[in-house]
Each structure stands twice: as structure tokens, then as C-alpha cells.
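> quick one, fold the following:
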Amino acid sequence: MDKMLKKSQAAMEFLMTYGWAILVVLVAIGALAYFGVLSPDRFLPQKCQLPAGIACTDFKLNAGANQLTVVLRNGLGFDTTSVGVYATGCTASTGNTLTNGQQASYALTCTAGTLTSGSKYSGDVNVTYTNADTGLSHRSQGSITGRAE
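Modelled structure (predicted):
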């Protein structure tokens, strides 16, 4: 019986030692998360995604001018007319035509407070266009995520 108690005590000491070590690690991770060291917003990637055909090649979030500038490239295989760009919290920007393979810049004015320097912006972007050959209207929906400069 004495041998069984020694084994039980050794097992309990083993579990307690590892239990305290795990608890210390969890408290350290909790403290780092609480103080914002592990905040995923600090490592926010800049991305602009649209479905195939209309490509978002670049964008800029200008807090000083309260403006979102989006550069689009037409890869649809046909010319487009009545191109319109809409983004969350910003007014629409429209252009006349975007021929196949052409790239154009669209400046959207955002409402006051939407873009502040260093702040995160994450919103939907919608591109509307009309096929120049058929006259049919289309809409592509994507997203923009980044930091205002």
C-alpha cells in the first residue's frame, strides 16, 4: 500500500507542476492580449479584392483629403461604359468608359470621420458597369481593408 501512495504522490506532483506552468503561460498571454500587444489590427494587411474581370490594382486611403482613391483595370475582354465605383462611407465616383485592358483611377470623397490618420478602414466596394457591346449592366462586389494615411 505504501508503494501505491508514493506513485500517487509522484503523479500528483507531476500534474501540479505542469498545471502551474500552463497557468503562468495563459496569464502571460492574457496580459499581452489585454494591453494590445497581440492585437491583430496592428498587423492589418492592405488589400483590395474584387472578382475576376475588374481588378483593383491599387488604392489609397487619404485621411487629410478625406478621400479614397481606387485604381481599376478592365480585364473582362470587352469595353465597358458607365463605370461607377461605390464604397462604404464614401460617395460614388463615375467614369465614362474603360476599354479592355485599360486602367483608370477613381477618387471617392468619404463622409467626415470615416477616415482618420492611422485608423483602420474596412468596407465594401461595388463596381457597376455596362457592357459596351450588349448594353447590359453588371455589378461586381468586393472589399477594401487598410489604414488611412
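> measure how far stretch 5-19 is from the centre of its chain, please.
Centroid separation between stretch 5-19 and its chain, computed with C-alpha atoms, centre = their mean, to the nearest Å, is 48 Å.
> for stretch 3-14, same thing?
Centroid displacement of stretch 3-14 relative to its chain, using C-alpha atoms, centre = their mean, is 53 Å.
> repeat for stretch 125-136
Computed by C-alpha atoms, centre = their mean, the chain-centroid distance of stretch 125-136 equals 25 Å.
> any residues touching that stretch, and which ones?
Outside stretch 125-136, the residues within contact range by C-beta atoms under 8 Å, 6 or more residues apart in numbering are 48, 50, 54, 56, 70, 72, 76, 78-88, 97-98, 137-144. For glycine as for every other residue, the C-beta is placed from the backbone atoms N, C-alpha and C.
> what about it, start to end distance?
Stretch 125-136 has its terminal residues 20 Å apart, counting by C-alpha to C-alpha, to the nearest Å.
> again with stretch 108-127
With C-alpha to C-alpha as the measure, stretch 108-127 spans 12 Å from end to end.
> could you give me the buried positions within that stretch?
108, 110, 114-115, 121, 123, 125, 127 (16 or more other C-beta atoms under 10 Å).
> next one: stretch 131-142
For stretch 131-142, the neighbour count (16+ other C-beta under 10 Å) marks 140, 142 as buried.
> ok, of the buried residues of stretch 108-127, which one's closest to residue 37?
Of all the buried residues of stretch 108-127, residue 121 has the smallest distance to residue 37: 22.8 Å, by C-beta to C-beta.
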